[in-house]
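Asker: what shape does this take:
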Amino acid sequence: MESMESLYVIPVNGLAPGKTDFRWSVGKEFFEEFGNTEITGADLSVRAVAEKSGSHVRIDCDIEGILTVPCDRCLSDLDLRIAPHVCLSVKHEGEETAEDDGREVISLAPDDAFLDMSQVIYDYACLALPMHRVHDEGGCDRSVADRIGIADRDEDRDREEDGSPFAVLKGMF
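Answerer: This is a model prediction of the structure:
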């Protein structure tokens, strides 16, 4: 297996003027390399377009695909579609900062000729996940839903005919 450092690299000093296209596939192993045990599956495609103008490099990166994480309710696998867009401006330390147009600025040491995009891909993929990760209503593992009472609440809600918030109290007296 190739090391992660060699896979997701943009040679910023070796870029020809204009646009250069980079494409990578990201799987479960990528997140395992970072020690992330929460993401149990991944099928992402990454497209980075680096645009060099003089010594200035701008990178637009699209990360699209599916990440699999445990559902917060039932702990079964939950596939979540993500599609973050990343806008970067790359500069070497000591260079004047050009107008960044709201882009995240990445500073490289003066002797760095390569930009490793793996940390950027990892960070933006993780940030694209919602804070609350649950299946759509009725999609949780039925055996777990029965144990924690989710199924009963769904059935009670279905039985309410008048829509009153007090309908559940009728059976208590």
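Asker: only the buried residues of the longest strand along the chain, if you could.
Answerer: Criterion DSSP state E: the longest strand present in the chain is strand 56-70. Within strand 56-70, the residues scored as buried using 16 or more other C-beta atoms under 10 Å are 56, 57, 58, 59, 61, 63, 65, 67, 68, 69. C-beta here means a position set from N, CA and C on the backbone, and glycine is covered the same way.
Asker: correct me, but the last one touches residue 76?
Answerer: No. No contact is recorded between residue 69 and residue 76 when judged using C-beta atoms under 8 Å, the distance being 10.4 Å.
Asker: beyond the longest strand of the chain, next helix or strand please.
Answerer: Next along the chain after strand 56-70, taking DSSP states H and E as the criterion, comes strand 77-82.
Asker: list the neighbouring strands of that following strand plus their orientation.
Answerer: With DSSP bridges as the test, strand 77-82 is paired with strand 56-70 (antiparallel).
Asker: so how far is residue 143 from the spatially closest residue to residue 9 that is not a sequence neighbour?
Answerer: Once flanking residues are discounted, residue 9 sits nearest to residue 114: 5.0 Å by C-beta to C-beta, 6 or more residues apart in numbering. Noted for residue 114: a distance of 50 Å to residue 143, by C-beta to C-beta, to the nearest Å.
Asker: quick one: contacts for the most centrally placed residue in the chain?
Answerer: In the chain, the residue lying closest to the centroid (C-alpha atoms, centre = their mean) is residue 125, at 2.0 Å. Neighbouring residues of residue 125 by C-beta atoms under 8 Å, 6 or more residues apart in numbering: 26, 42, 44, 63, 67, 82, 84.
Asker: ok, the first one touching residue 121?
Answerer: Which is residue 26. Yes. Counting by C-beta under 8 Å, residue 121 is a contact partner of residue 26 at 6.3 Å.
Asker: okay, strands next: where are they in this protein?
Answerer: Counting by DSSP E, the chain has strands at residues 9-10, 18-27, 41-53, 56-70, 77-82, 85-92, 104-108, 115-116.
Asker: can you count the residues close to the residue nearest to residue 9?
Answerer: As a burial measure, residue 114 scores 14 neighbours (other C-beta atoms under 10 Å).
Asker: can you count the residues close to the closest residue to residue 108 other than its chain neighbours?
Answerer: Among residues not flanking residue 108 along the chain, residue 92 sits closest, at 5.2 Å (C-beta to C-beta, 6+ apart). By the measure other C-beta under 10 Å, the count of residues near residue 92 is 16.
Asker: alright, calling it a day.
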